[in-house]
Each structure stands twice: as C-alpha cells, then as structure tokens.
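A.B. asks: let me see the structure of the following:
(3 chains)
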Amino acid sequence: MEQLLANPYVQPLILTAVIILVFPLVAGYIVLAERKVLADLQVRLGPMRVGPYGVLQPLADALKLMLKEDIIPSRADKWIFWLAPVLSTFTALSAFAVLPLSDRFYVADVNIGILFILAMSSIGALGLILGGWSANSKYSLMGSLRAAAQMVSYEVPLGFATVTAIMCAGTLSMQGVIQSQFERGVWGAFDNFGLMLIPTALFIIAGTAETNRAPFDLPEAESELVAGFHTEYSGFRWALFFLAEYAAIVVISSLCVTLFFGGWLRPFPNVAFLELPLSTVFPVALFALIALGCLKGVPRQAIFGFKLVMLALTGAFLLLAAMFALPVTNEIVIGLFWFVLKLAVMVYLFIWYRGTFPRFRYDQLMDVGWKWLIPISMGGLILNGVVQLLARS
Amino acid sequence: MAATTLVPPPVQDDTFLDSNELVLNMGPQHPSTHGVLRVILKLDGETVLGADCVIGYLHRGVEKIAENRTYQQFAPYVDRMDYVAAVSNGLGYCLAVEKLLDVEIPPRAQAVRVILTELNRLASHLLWLGTHALDIGAITPVFLCFREREEVLSIFEKYCGARLTTHAFRIGGLQYETYDTFEKDCLAVCDLMQEKVKEYHDLLTGNRIWVRRTTGVGILNAADCKDYGVTGPVLRAAGVPWDLRKAQPYSGYEKYDFEIPTAKNGDTFDRYIVRMQEMEQSCRIIRQAVESIPEGPIKGKVGKVIKPPPGEAYVSIEAPKGELGYFVVSDGSLNPYRLRVRPPSFVNLGALDKMCRGTLVADVVAIIGTIDIVLGEVDR
Amino acid sequence: MRAKRPLRRPVKRKPAEMPSAPWEGSVPAALRERFGEAIETTQLLGGQRLAIVDIGAAAGILAMLKNERGFDYLVDVTAVHWPEKEKQFEITWILYSFASNDRVRVKAAVGEGAKAPSATSLYNSANWLEREVYDMFGIEFEDHPDLRRILMPDEWEGFPLRKEYGLIQQDADWVRENLKIESAQ
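C.D. replies: Okay, here's the model as predicted:
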C-alpha cells in the first residue's frame, strides 16, 4: 500500500478520476447557484421544488438530461455532430490537469501549465464551431461563425493580459506563479504599484467573452439565434456542451485566481499574525454559520424528508467546520478552501454580469475587442514591463 | 471530364467575392418574435437585406365574428385582440357604438374609463419594457416590470374580477361602480410607478451597452412614419407631437393636463425614452382623474337592446400602441353589419422591412420589440 | 308597496337615420370642381366627413387630397360587402391630415370582378391594408406591387368577409391537407 501510494502516478490518477466524476455534479451545483443568484437579483425564488430549497435540483436535471430522447437532425453530419460536444468537454476537462487546486492537490505541475490551458481553451472553440456547422441549421451556423470570430478576437487581449502576469511572475508554471506571488508578498493584481490592475480587469473581461458568458454570449444569443450553436442539440449531447461551458468558466476563473489573486494563498500570506484568524477562525466560523443557517431553515411543519436533507447538510457543514478546527486536517484542506472561495467569487461575478447587462451586438463586440481591449492590453504590457524593469533593477 | 471546370471563372466585377444571400426563417416559433410572427430575413452575412413578415397564424376572424353577434355580445371579443391592453380595446369599441347610438356618457363613467385606460397603458408599457429589454439581452427588467404590472392588474381584478381580458366597460358607460379603495389603490400605483420608473432608468438608461444597442437602430423619421401610417410612440419618437388624446380628445381627456413626450431621432432609444415618459404622464392623468372624479350615474341612457340606426362611424383612440380605430357599419339590426378594426400593431408592423434594412440580425429582434406588437391584434 | 309604474313607458323613438348634414367647405368644393360628376355626395355623417365618389375617379381624388390638401396619413382601407346592391363592394379610404387635424372618409363602390385603384404609390401603408382587403373580400387592386393573401393561408379558397361566407364555413380541403384533421369546427 505504502509502495503503491509512493508511486508518482497514483495520486494524479486518483485526482483525475475524482475530478472527472465529481465535476459534473459541481457543474450542476454551479447551475443551481446561478439560478438562485439570478432569482435573487430578479425578485423571485428560483428552484424550490426538488429537495429543500431546491438543493436536489441538479440531480433531477441530470437525470432528465440523460433520459431524454437522443435526437440527431436527419440532415446533420452525424459523426461531427457526435464529435463536437465530446471535443468541447474533453478539452475543457483536460485543462483541469494543470489547475493548482492547492499546494498538495494538483494533477500535474507542468512547466508550461498556462500555455497548456490557453491551448486547450483554443481547441475547445473548435467543438463549438464543428457543432454549429454539422447541425446543418442556419441558426447553428451563425452561432458557430460568431463563436469562431469571438474566440479569435478575444484570445488576443486574454493572451496579452496573461503574458503581463507571466512577466511579473517570471514562470509559466501554475504553482510557480503562486510561489512567486508568495515570495513578493503581494497578489498579482496589485503588483507593480497597482499597475497590474489593468491586465487583471482586461483578463476578466476577455475571459467572460472567451467563455461565451453574458454580455458576450453572442454564439448562443437566445433572443436572436434561439440557442446559437447548440440549437439542434438536446438531451445528453446538449448536457455535454453545458458541462463544457461551465468547465470553461471554472478553468478561466481558476487561471484568473492563480495569475492575479494568489491562487490557494490566503490573503496577506506573509503577515504572520493573521494566520490564526484567517486560516482557522474564518473558515470554522463560516461553515458553522452555514450549518446554523441550514438548521434555522427548517420550517416547523416540514415533512420528514425535508428535515432529513437539511439535517444532513447541517451535519456536513459541521464536519467541515470541525475539519478546519483541527490543525492536522486544517493543514491539508486550507489551500483548497481559499482557492475554492476565490473561485466562487469569480463565478459569482460571471452570474452577476448575466443578471445586469444587456447583450452586445456582433459589430460592437468586435469593436470593443479590437479597438479597446487589444490596444489597452498591449499598453498595459509595455507599461508593466517598463515599471517592473525600473523597480527591480 | 474537362479540366477547365476547375478553373475559377474570370473576375468580372466587384461582386465576384460577395457571399451568397442567406435566407433565414425567423419564427413562428422563435423566442423573441413576440408570439407567432414569422419574419423571413434575407441576409448578407449578418446584415439584413430585407424582411418579409408572414402573419395570420393567430387569425381568428374577429371581424367575421362581429357580424354574427349582437353589439353587446361582441364586446368581450375585442379584449382578445390586443390582450395586453384589453381595456383600451374595449374603450374604442364602446366609443364607436356610442357614436352610432349618439348617447351621452355620464362624467363619472368617463372619468373611471380614463383611469382604467391609463392604468392599462401602464400595464402595456411595462410589458413592452420587460420584453424589449429581454430581447436585447437584459434578463432582469422583465421580472421587475411584471412585479409592478401585478399591482395594476390587481386593480382590474378588484374592479371587474378579470385581470387580462377585462371587459371593463359597457356600451353606454360602466357595468360596475368602483370599489371602496379604488382611488387609494390608483394613487398607490402612481406613487409606485414614479419611483420604479427611476429604477428602470438606473438599470437601463445609464447602461452603456443598452445605449449602444438602441441608439441609431431602426430609425424611422417623421415622413416615413406618416407614409407607413405608423402611429403611437413610434411616431412621437420621430418628433411629431401627435396624440389622439390631445388632437381629437375623447372620453373627457381634454379636462386633464398632460404633455405629449416626443424625441428627435426616431430610433429605438428614442422610442424607449418616449414610452418611459408616457408612463409618467399616464400617472399624471390618473392622479388628476382620481382627484376630480365626479359623483353621479355610471351608465348613460341606452336601452337593453342596442339597435343603432343605419349608418356608419369611424372612432379611434390612442391605444398604447398607436391609433386604434373602429369602423362600424350598421344596417339598423341587432348585429353590426360590418365591423372593421384598424389595429395599430398591424399597420406599424408594415414598416418593419423599412426599419430593418441594413441593420444586423440582433437589431431585427430589437426593432420587433420596439414597434411593440401584439400578435393577437396583428392577426385578429 | 311597489311603486306604481305606468304600464307602458312613453317610447322615445330614435331617428331612423344617423344625423347627416351636407359637408361644405373648401375641400368638397375643390373636389367637385375638379372631378364634377364623379363626386356623388359629400356629407357630414354623424359629424364625420364623408365623400362618396365614383371608383374611376378614386385614384385621382386620393392623389389630390394627399398632394394638395395635406391628407398625408392613410389611416385605413377597408371594404363592406352588400350582396343585394348592383356594385357589391364599398371600399372606404380613411385619410387624416396632421396639419389641419381633419379626418376624411372616401367611399367608392366596386362591382364583383372589377378592379380598384391601388393607393400604394401614394401611401406605403396601403400595401398591407389593401392586401387585407384582397384577402378578406377578393377585391383586386390595380398596380399593387405585392397582392398576396396576408392573414389567410396562401392556398385558401374563398374570401371570409363576404356575406355569403358563413361563420363556420372553412376550406375543408386545406384543413384536411394541412392540419391533418377532418374539420376544424
């Protein structure tokens, strides 16, 4: 056993399996969170029927999608139609391989990790394009054309923003970037006397466009293209596209967190006296409060199943709180905690955009991309380069 | 096999590299054609070269039904045309038949009619705003608008028991006296709306994406509006201060002090602003009408049997969407001999092709939303 | 005690006709001067201006009203079917002038099979409105650029707003073929 665990391939393999198995569930819960947050912005309740407060909704949705009739349009290019969602999901999930979930949880720490992620997200666009093209529907075709143009345009500012961060960190390895932020004692976003805020903002904007999220959701613009590139998809294939989209959101958010917000580092990683309040008291209090909220959320007249699920949730959160209270377990999971928390903030940002902004028009999207984001990101790169050279010499 | 077929034809003119036209069929099942409208778009890339509307999917033959019903029996049918502004439809129909009958409507009934019609204008504009914003991709305003519309509909519900197809008016006046807290409810809605319109302005007017998506889109200038017979907010946004409530007042509108909001450019943004201001003006009219509502009977001198003398009359009102006209021909019998509805949505939609040319696909959706059509009224 | 009611209330008879007065003014005078016999009557029917004209002169009258009298808005084009009359259809154009805030109705009778002049060269709004009249009554408009059915399906038989077309009548063949049901009633 000891020997098996010591094998350098075992831990990555286990982690890979866990990610592939668990991520669909996580994506389901991101969807639930999205629906709940949007509902909150839109003066309504969101899912409330499946399980207490709708907490079991993702399971019901997943079941529904898997049991749905599998429809391939008769005039579609069947193999490509089949391949496209697989390609999208495959590339989006592959990028997880280099994500530094914490100092000990990662599949691989490749020395070109960032490059790998960018490459995978570029290939992911191919899935969208093929999917839209093979369906042999005009709406799909227009959606995929838009996807192609948008991906190409917004990869440039995304790339420039990434290069700026890499330049600041001096490495292409994801763990290395975090390490360098720890050494300099400041998050990437606030480095170079705050000038790094420019690429940070650009990265978030271009990342939103790269993942086809509102207000840049033109490839699937509901109001004009019905559903854009996945108009003809239904059931499980559609679910794969959906999974790919949420995986892409998580990957881009993770990249952003890693490059600019310190990855799995806690805030103020070099200030020693904050160690106890931030690393122990904060998570314990957070999960204890959530557990309390779950307990309080049970109405007196609730049925048994409702109470059971809520009690289970309470128990789970108490367990988490306990995990963070014990120093032994705390040490293992604290990095993951900070990473997921930062990721959650980023995902919330994406949902917030969706609830607030109208959609861009195609020409305006190109306008913003080429006339504003690219010049600004190039300027940001040069400015940061000069400042860094002067400051560090 | 001749190898020459592989050689591309010689370049003869600039159009050699042009892409082919793409014909895109939008609707009748489409998320944002506001019902069963079908638009056949001719596209060059994403640019619209022409739009042909195919309508009639919701045609129920309302005008034919009218010829086979008595005047009172037909009254509820008019609510099913512009079901978003059923009260306005009812008012136009009642006024037309009253014109044939030549009856006086008591002032109290007139005031209540004005209040309910203006409330209905609020409801209609709120629905327009929500769906229009949804078409442009802002998914939140629709829920806020429905929240406020609910308040208006609950007044209708308390007044006559129905929320959407109200049948609130009768030929000759009103069927029901107002309920106890009617005035208070109306004023509360006015207060609420004045506050909420500011909220919508915060959410949309100040949003740069919204402004860019709507400015300069679907321009229809005043001359074109008149040429295409386009009325209502679309005409006013082109700078023509024409409102039937002022031009040819009916139902006592001359007693109230209000303004006709206009704008200059006649684009989607201007139409948005005009409708927003119209909501405020409606509140103003409701306030005045509620404060000056006279006591007295609610029904004029019409018999139980409505049998207008032979003749014809055309009466039109300012519905939320534009000029809503009823042309009624009577042959002296119990049924209208011919009843023609001049629907604002139908005529305004006729200008869609003109407004769409040269815009992008996304704009078509915005333009359909900004004309504010209800397919029940387009198809009748 | 119930109040005594007279057995029969005094019946106030309504006038059998709508109040009508001759329409005098510069517009009817100019019309008469230009078109003479083609103007049958000009009257104020219930206070609304109405000119009954000959169909042959209708196009010229509309053009004159638009170009010289400022009636720049064609509100509506519609028709009424009178099967007993010799000329079965009455076409009504409703015009409005923004400048003078006036509304005028121009009415002309057309026989079955005869063509009516199209107003599309004067007003773009006439396009759809005339299509609807054609769709519902089968009246054809001369020089209309695009005279197709507009509300009914293209292949539909019959014209629904004609009086002989019953309320529950339908194009059974069309219904069977397109809706795959025996009857829509």
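
A.B. asks: quick one: mean pLDDT over the particular helix or strand that has residue A:21 in it.
C.D. replies: Assigned by DSSP states H and E, residue A:21 belongs to helix A:10-41. Averaged over helix A:10-41, pLDDT sits at 88.

A.B. asks: repeat for stretch B:28-39
C.D. replies: 82.

A.B. asks: buried sites along it?
C.D. replies: Within stretch B:28-39, the residues scored as buried using 16 or more other Cβ atoms under 10 Å in any protein chain shown are B:28, B:30, B:31, B:32, B:33, B:34, B:35, B:36, B:37, B:38, B:39. Any C-beta I mention is one placed from the backbone N, CA and C, and that applies to glycine too.

A.B. asks: which SS class is the first one?
C.D. replies: To tie it back to what came earlier, the one meant is residue B:28. Classification of residue B:28 by DSSP: H, G, I helix; E, B strand; the rest coil places it in coil.

A.B. asks: how much space separates it from residue A:228?
C.D. replies: As judged by Cβ to Cβ, to the nearest Å, residue B:28 and residue A:228 stand 20 Å apart.

A.B. asks: hmm, residue A:342 is touching residue A:261, no?
C.D. replies: Yes. Look at residue A:342 against residue A:261 with Cβ atoms under 8 Å: they come within range, at 5.3 Å.

A.B. asks: now do the SS call for the closest residue to chain A within the stretch 51-200 of chain B.
C.D. replies: Nearest residue of the stretch 51-200 of chain B to chain A (Cβ to the nearest Cβ) works out as residue B:137 at 2.7 Å. Judged by three-state DSSP, the three-state class of residue B:137 is coil.

A.B. asks: nearest residue to it other than its sequence neighbours?
C.D. replies: residue A:359 (2.7 Å; Cβ to Cβ, 6 or more residues apart in numbering or on different chains).

A.B. asks: pLDDT score for the one you found?
C.D. replies: 87.

A.B. asks: my read is that it contacts residue B:363, right?
C.D. replies: No. Using Cβ under 8 Å, residue A:359 is not in contact with residue B:363, being 11.8 Å away.

A.B. asks: in chain C, which segments are predicted with low confidence?
C.D. replies: Residues of chain C meeting the criterion pLDDT under 70: C:1-16, C:185.

A.B. asks: change it to 50
C.D. replies: C:1 (pLDDT under 50).

A.B. asks: ranges for the helices of it?
C.D. replies: Here chain C has its helices, by DSSP state H, at C:26-35, C:55-67, C:126-137, C:172-179.

A.B. asks: tell me the domain boundaries of chain C?
C.D. replies: C:20-151, C:153-185 (automatic domain parsing).

A.B. asks: for residue B:156, what are phi and psi?
C.D. replies: Torsion angles at residue B:156 (phi, psi; degrees, to the nearest 10) stand at phi -60, psi -40.

A.B. asks: try the one 10 residues further on
C.D. replies: Backbone torsions of residue B:166, given as degrees, to the nearest 10, read phi -80, psi -40.

A.B. asks: same thing with the one 5 residues further on?
C.D. replies: Dihedral angles of residue B:171 (phi, psi; degrees, to the nearest 10) stand at phi -60, psi 120.

A.B. asks: ditto for the one 3 residues further on
C.D. replies: Taking degrees, to the nearest 10, you get phi -120, psi 160 for the backbone angles of residue B:174.

A.B. asks: repeat for residue B:30
C.D. replies: Here residue B:30 shows phi and psi, under degrees, to the nearest 10, equal to phi -150, psi 140.

A.B. asks: dump the residue contacts of it.
C.D. replies: Residues near residue B:30 by Cβ atoms under 8 Å, 6 or more residues apart in numbering or on different chains: residue A:226.

A.B. asks: now it: how far from residue B:216?
C.D. replies: If you go by Cβ to Cβ, the gap between residue B:30 and residue B:216 works out to 24 Å.

A.B. asks: list the buried residues of stretch A:120-136.
C.D. replies: A:120-121, A:124-135.

A.B. asks: one step back: for the helix holding residue A:21, name the packing helices and strands.
C.D. replies: Counting contacts by 3 or more Cβ pairs under 8 Å, 6 or more residues apart in numbering or on different chains; DSSP states H and E, helix A:10-41 is packed against helix A:57-67, helix A:78-94, helix A:235-260, helix A:327-356.

A.B. asks: most packed of the ones you listed?
C.D. replies: helix A:235-260 (a mean of 24; mean count of other Cβ atoms under 10 Å in any protein chain shown).

A.B. asks: close to chain B: what parts of the stretch 151-300 of chain A are there?
C.D. replies: Counting by Cβ under 8 Å from any Cβ of the partner chain, the stretch 151-300 of chain A comes close to chain B at A:214, A:215, A:217, A:218, A:221, A:222, A:223, A:224, A:225, A:226.

A.B. asks: widest-spaced pair of those residues?
C.D. replies: Within these, A:215 and A:226 form the most distant pair, 18.4 Å apart (Cβ to Cβ).

A.B. asks: between these two, who's got more neighbours?
C.D. replies: Per other Cβ atoms under 10 Å in any protein chain shown, whichever of residue A:215 and residue A:226 has more neighbours is residue A:215, with 24 against 20.

A.B. asks: let's verify that one: helix, strand, or coil?
C.D. replies: Going by three-state DSSP: residue A:215 is coil.

A.B. asks: distance check, it against residue B:136.
C.D. replies: If you go by Cβ to Cβ, the gap between residue A:215 and residue B:136 works out to 10 Å.

A.B. asks: again, but for residue A:272
C.D. replies: 52 Å.

A.B. asks: what does residue A:376 give?
C.D. replies: Distance, residue A:376 to residue B:136, by Cβ to Cβ: 26 Å.

A.B. asks: now do the helices in the stretch 51-200 of chain B.
C.D. replies: All helices of the stretch 51-200 of chain B, identified by DSSP state H, counting those that start in this stretch, fall at B:62-67, B:71-78, B:86-101, B:107-135, B:141-160, B:182-200.

A.B. asks: so which of those gets nearest residue C:20?
C.D. replies: helix B:86-101 (12.8 Å).

A.B. asks: what about that closest one, distance to the chain center?
C.D. replies: In terms of Cα atoms, centre = their mean, to the nearest Å, the centre of helix B:86-101 is set 16 Å apart from its chain centre.

A.B. asks: show me what it is packed up against.
C.D. replies: helix B:71-78, helix B:107-135, strand B:169-170, strand B:311-319, strand B:322-330.

A.B. asks: tell me which of these sits nearest to residue A:208.
C.D. replies: Of the helices and strands packed on helix B:86-101, nearest to residue A:208 by Cβ to Cβ is helix B:107-135, at 19.8 Å.

A.B. asks: and that closest one with helix B:182-200, angle?
C.D. replies: 20 degrees (axes from the mean of the first three to the mean of the last three Cα atoms, to 10 degrees).

A.B. asks: averaged pLDDT, helix B:107-135. What do you get?
C.D. replies: Helix B:107-135 comes out at a mean pLDDT of 91.

A.B. asks: in that helix, what's buried?
C.D. replies: In helix B:107-135, counting by 16+ other Cβ under 10 Å, buried: B:107-135.
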